[in-house]
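# Here you go, sequence then predicted model.
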Amino acid sequence: MIKMLKSFKCKRCGACCYPPKLYSADIRRIKKAGYEEEDFVYTDELSNKYLKDKGKNNKCRFLKKKGKLYECKIYPYRPKICREYPSRLVNGSCKPEKLKFDSFLRK
């Protein structure tokens, strides 16, 4: 089981929002939000599935800026790693230690 960081308070800065690896359950949830799989899934040469990025700065395609803050357009349907964030952080910043290569997550 992953230990969550209880003292963490989200600043809605968007620093953690990079396209993660997707599990089958993630894909099903996002499809329930009304998105077609081909619009948000990237499959690599090893058949691993990832969330497609926005095409700039390698940010999540569902990250939306609202004023000075960021929000997730699919928050109730977000992928597993996003649900378990902030389980690991780098030097106290919002940028996660692992995101795309999230082998530390239970399947």
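Now that the structure is in, tell me what you want to look at.
# quick check: longest helix of the protein.
helix 24-32 (DSSP state H).
# can you map out the helices along the chain?
Residue ranges of the helices in the chain, as given by DSSP H, are 24-32, 37-40, 80-84.
# tell me what the longest one is packed against?
Contact here means 3 or more CB pairs under 8 Å, 6 or more residues apart in numbering; DSSP states H and E; on that basis helix 24-32 packs against helix 37-40. C-beta coordinates here come from the backbone N, C-alpha and C atoms, glycine included.
# The lowest-mean-pLDDT helix or strand in the chain packs against which elements?
Lowest mean confidence among the helices and strands of the chain (mean pLDDT, DSSP states H and E): helix 80-84, at a mean of 83. In terms of contacts (3+ CB pairs under 8 Å, 6+ apart), helix 80-84 is not packed against any helix or strand.
# which parts of it are buried?
By neighbour count on 16 or more other CB atoms under 10 Å, the buried set for helix 80-84 is 80-82, 84.
# residue ranges with poor pLDDT in this structure?
Along the chain, segments meeting pLDDT under 70 span 1-7, 56, 86-107.
# redo that, cut-off 50
Low-confidence segments of the chain, defined by pLDDT under 50, are located at 1-2, 99-107.
# I'd guessed A33 sits against I74; true?
Yes - using CB atoms under 8 Å, A33 and I74 qualify as a contacting pair, with a distance of 5.0 Å.
# between these two, who's got more neighbours?
Comparing A33 with I74 by other CB atoms under 10 Å, the one with more neighbours is I74, at 21 against 14.
# show me the contacts for that one.
Residues in contact with I74, defined by CB atoms under 8 Å, 6 or more residues apart in numbering, are 30, 33, 35, 62.
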